[in-house]
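Student: Here is my input; please provide its structure:
(one chain, ligands or ions: 1)
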Amino acid sequence: MIGITKLLCGATSPGDALRYGRDSSRLPHELLQFSHDKRPVVVWNFTRRCNLHCRHCYSESQDQEYPGECSTAEGKAFIDSLAEYKVPVLLFSGGEPFIRPDLFELADYAVKRGLRTVISTNGTLITPALARKAREAGISYVGISLDGLERVNDTFRGSRGAFQMTLEGLRHTREAGVKAGLRFTITRHNVKDIPDIFRLMEEEGIPRLCFYHLAYAGRGSKLVKEDLSHDETRKAVDLIFDKSLELHQRHRDSEVLTVDNHSDAPYLLLRVQREQPARVAAVHRLLKWNGGNSSGVGIGDVDNLGNVHADQFWQHYSFGNIRERKFSDIWEDTSDPLMRGLKKKKLMVKGRCAACAFLEICGGNLRVRAEAVTGDVWAPDPACYLTDEEIGLK
Ligand code: SF4
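Tutor: Numbering: from 1, shown residues only. Take a look at the predicted model:
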């Protein structure tokens, strides 16, 4: 996750993170990406069931029962173990989390155990009553997925009317007093909607907008040909940078981020070098603290059956199950070769990633994408759009 507003628009300086000792347990959530201890943010796909059928869904969710999902009691025991391990954030995801009736009971329990709780949702099921319950349960943030304007979004999400229902859900959440932002996954089909999403953000007073690059996982693994070319990605990221700078002039509190293509970090640094040379050292320091992709280290995932994964895109590979061992034991056990490799990923990556001048701030990008295209987890990420000159190979 790369904070474009923080880094490109100068909304954060290294001093902001140093003030809290860069300690996960003390940092405000918006600065967690700069922590030194990288306690994992845990995504919990606590149900796989979903009312939509999105083309890029990494969990390949359907609108059906999934037997064997963790019970409420198992969920509370899991939350206890996360609190003991000092996990800073628990992200309820799915499937569609609002389908599960014990969402608020579990969220309330997690907040009382000291965790910050956030929800990742398609937003279509959020009524005013559910939004109020989210506030009462102490939910800090709701990230709502919207992948374009009406026609594009509804096609992508496999449901006519989803766009309007999502917008209604977003408004109800905001009216209940819970911070709500948008999540937009970029593909060839919706890239032209990016300016309109910025416009919507301003019209609706949405404080946060996250652009996700496509991860080739689950149903998303069948969309490799629908991903942008390197040139198209550069243009899309340029546009996001430009629009973020414009937006920051008018709305100082708004925040734009990009996620799941960590080449954005060096690309942003190169732009700062050209346009704001006096800020290069500060931005480089922040990006180094961020460290780029941190699957298996700073972000982890637990699925509906209790299996632990390196992040939400690794549903096909598990390190163990929270019904059998504590999350912290599984997370720190490096007897598994993938877990061991991810903990020292900078030594494992191959090819241009191994030789890259920016490995320290990119972290070798998304390993699941390398595996999907080449079959080798440690091969270069095919979505890296930087030239050999830019990464110091020529
Ligand atoms: S070559 Fe690899 S490490 Fe360097 S920016 Fe690209 S993906 Fe990141």
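
Student: Please list the residues of the stretch 151-300 of the chain that sit near the ligand.
Tutor: Neighbours of the ligand within the stretch 151-300 of the chain, by Cβ under 6 Å from any ligand atom: 262, 263, 266. C-beta coordinates here come from the backbone N, C-alpha and C atoms, glycine included.

Student: Can you add neighbour count and give the residues you listed back as TSV?
Tutor: Supplementary listing: those in TSV, determined by neighbours: other Cβ atoms under 10 Å:
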residue	neighbour count
262	28
263	27
266	24
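
Student: What about those, which are in helices?
Tutor: Per DSSP state H, helices hold the following members of those: residue 266.

Student: tell me the contacts of residue 171?
Tutor: Applying Cβ atoms under 8 Å, 6 or more residues apart in numbering, we find residue 171 in contact with residue 204.

Student: Looking at the residues of the stretch 151-300 of the chain next to the ligand, which one is closest to residue 92?
Tutor: residue 262 (24.8 Å; Cβ to Cβ).

Student: ok, that closest one - contacts?
Tutor: 2, 292, 293, 361, 362, 363, 364, 365, 366.

Student: Pipe the residues you listed into TSV and attach neighbour count per row.
Tutor: Formatted as TSV, the contacts of residue 262 follow (neighbours: other Cβ under 10 Å):
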residue	neighbour count
2	27
292	25
293	25
361	23
362	30
363	23
364	25
365	27
366	28
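
Student: and the strand or helix carrying residue 92, how far from the chain's centre?
Tutor: Using DSSP states H and E, residue 92 falls within strand 89-93. Offset of strand 89-93 from its chain centre (Cα atoms, centre = their mean, to the nearest Å): 11 Å.

Student: so the following helix or strand past that strand versus strand 89-93, what angle?
Tutor: As assigned by DSSP H and E, the chain's next helix or strand after strand 89-93 is helix 103-112. In terms of direction (axes from the mean of the first three to the mean of the last three Cα atoms, to 10 degrees), helix 103-112 departs from strand 89-93 by 170 degrees.

Student: just the CA coordinates of helix 103-112, formatted as CSV?
Tutor: This file holds the C-alpha atoms of helix 103-112, laid out as CSV (Å, rounded to 0.1, in the frame of the first residue of the first chain):
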residue,chain,number,x,y,z
LEU,A,103,-20.0,-9.6,12.2
PHE,A,104,-20.8,-6.9,14.8
GLU,A,105,-20.5,-9.3,17.8
LEU,A,106,-17.0,-10.3,16.6
ALA,A,107,-16.0,-6.7,15.7
ASP,A,108,-17.2,-5.4,19.1
TYR,A,109,-15.2,-8.2,20.8
ALA,A,110,-12.1,-7.3,18.8
VAL,A,111,-12.3,-3.6,19.6
LYS,A,112,-12.7,-4.4,23.3
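
Student: Other residues contacting it?
Tutor: Under Cβ under 8 Å, 6+ apart, the answer for helix 103-112 is 46, 72, 75-76, 79, 82-83, 90, 92, 97, 117, 119, 133-134, 136-139.

Student: Give me the distance between the closest residue to residue 239 other than its chain neighbours and the ligand.
Tutor: In space, and not counting its chain neighbours, residue 239 is closest to residue 194: 5.6 Å by Cβ to Cβ, 6 or more residues apart in numbering. Look at residue 194 and the ligand: by Cβ to the nearest ligand atom, to the nearest Å, they are 22 Å apart.

Student: hmm, back to that, turn the residues of the stretch 151-300 of the chain next to the ligand into a markdown table, columns for pLDDT.
Tutor: Below are those laid out as a markdown table (pLDDT from 0 to 100):
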| residue | pLDDT |
| --- | --- |
| 262 | 97 |
| 263 | 98 |
| 266 | 98 |
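
Student: Would you work out how far apart the start and end of stretch 54-65 are?
Tutor: 17 Å (Cα to Cα, to the nearest Å).

Student: for stretch 377-394, same thing?
Tutor: Using Cα to Cα, the two ends of stretch 377-394 sit 25 Å apart.

Student: same question, stretch 252-264
Tutor: 22 Å.

Student: how about that stretch: buried residues?
Tutor: Within stretch 252-264, the residues that count as buried by 16 or more other Cβ atoms under 10 Å are 254, 255, 256, 257, 258, 259, 260, 261, 262, 263, 264.

Student: mind checking pLDDT for the fourth one?
Tutor: Looking at residue 257, its pLDDT reads 96.

Student: For the strand holding residue 92, enumerate the helices and strands it packs against.
Tutor: Judged by 3 or more Cβ pairs under 8 Å, 6 or more residues apart in numbering; DSSP states H and E, the packing partners of strand 89-93 are strand 41-45, helix 103-112, strand 116-121.

Student: Kindly give a single ChimeraX line that selects the buried subset of the contacts of helix 103-112.
Tutor: A single ChimeraX command selects the buried members of the contacts of helix 103-112 (16+ other Cβ under 10 Å):
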select :46,75,76,79,82,83,90,92,97,117,119,133,134,137,138,139
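
Student: With residue 223 as the reference, measure out to the residue in the stretch 151-300 of the chain positioned nearest to the ligand.
Tutor: The ligand sits closest to residue 263 of the stretch 151-300 of the chain, with a gap of 4.4 Å, by Cβ to the nearest ligand atom. According to Cβ to Cβ, to the nearest Å, residue 263 stands 19 Å off from residue 223.
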